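Visitor: One predicted model, sequence on top.
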Amino acid sequence: MGGEICIDSDVIISLLRGDKETKELLEKMESEFSTTTINAFEILFGRKSDEVYELLKCFHRIYDFDYESAKVAADILRDLKKKGKLLDIRDVFVGSICIARDLPLLTYNSRHFNRLKDYGLKML
């Protein structure tokens with residue numbers, strides 16, 4: 001596949017649990033993998049350990065929620081609120097980081113993130 005792919009926390013958790021299918025999927029992709037500070041927070045909050053720290057060091061890059069991401073997130077949340085379809089703010093933050101950087105997101109949580117496709121989120 002190539003290129004850079006942003007990995008959601010649910011995929012990272014699968015790796016930490018030793019899920020063979022997740023590991024094989026990532027190996028097949030032959031890509032550089034990044035994640036976000038939001039995902040790092042979720043992982044560290046749920047499971048602080050040396051194993052988590054070591055895995056997070058392996059990412060090509062860990063993207064911050066910056067000003068561009070904030071603008072994207074604000075637009076998305078305003079529109080979702082207007083439609084009465086609010087989404088967990090952490091998911092909006094992760095999605096907005098990917099949208100602002102034109103990065104595809106690999107997630108197992110398609111139910112939530114599918115709502116962000118209309119705003120430019122590419123999902124794998």
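Guide: Sure, I can see it.
Visitor: When you work out contacts or count neighbours from here on, use the C-alpha atoms and nothing else.
Guide: Noted.
Visitor: Counting neighbours, what do you get for residue 65?
Guide: By other C-alpha atoms under 10 Å, the residues close to residue 65 number 18.
Visitor: And for residue 110?
Guide: Neighbour tally, residue 110, other C-alpha under 10 Å: 12.
Visitor: next one: residue 70
Guide: Neighbour tally, residue 70, other C-alpha under 10 Å: 16.
Visitor: thought residue 99 was touching residue 120?
Guide: Yes. Using C-alpha atoms under 8 Å, residue 99 is in contact with residue 120, at 5.9 Å.
Visitor: Do you know the pLDDT at residue 3?
Guide: pLDDT for residue 3: 90.
Visitor: residue contacts, it?
Guide: Going by C-alpha atoms under 8 Å, 6 or more residues apart in numbering, residue 3 touches 31, 32.
Visitor: which residue ranges form the helices in this protein?
Guide: For the chain, helices defined by DSSP state H occupy the ranges 9-16, 20-29, 37-46, 50-57, 67-83, 89-101, 110-113.
Visitor: Buried residues of the last one, list them for me.
Guide: Taking 16 or more other C-alpha atoms under 10 Å as the neighbour-count basis, helix 110-113 is seen to contain the buried residues residue 113.
Visitor: And it, what does it pack against?
Guide: helix 89-101 (3 or more C-alpha pairs under 8 Å, 6 or more residues apart in numbering; DSSP states H and E).
Visitor: All set, thanks.
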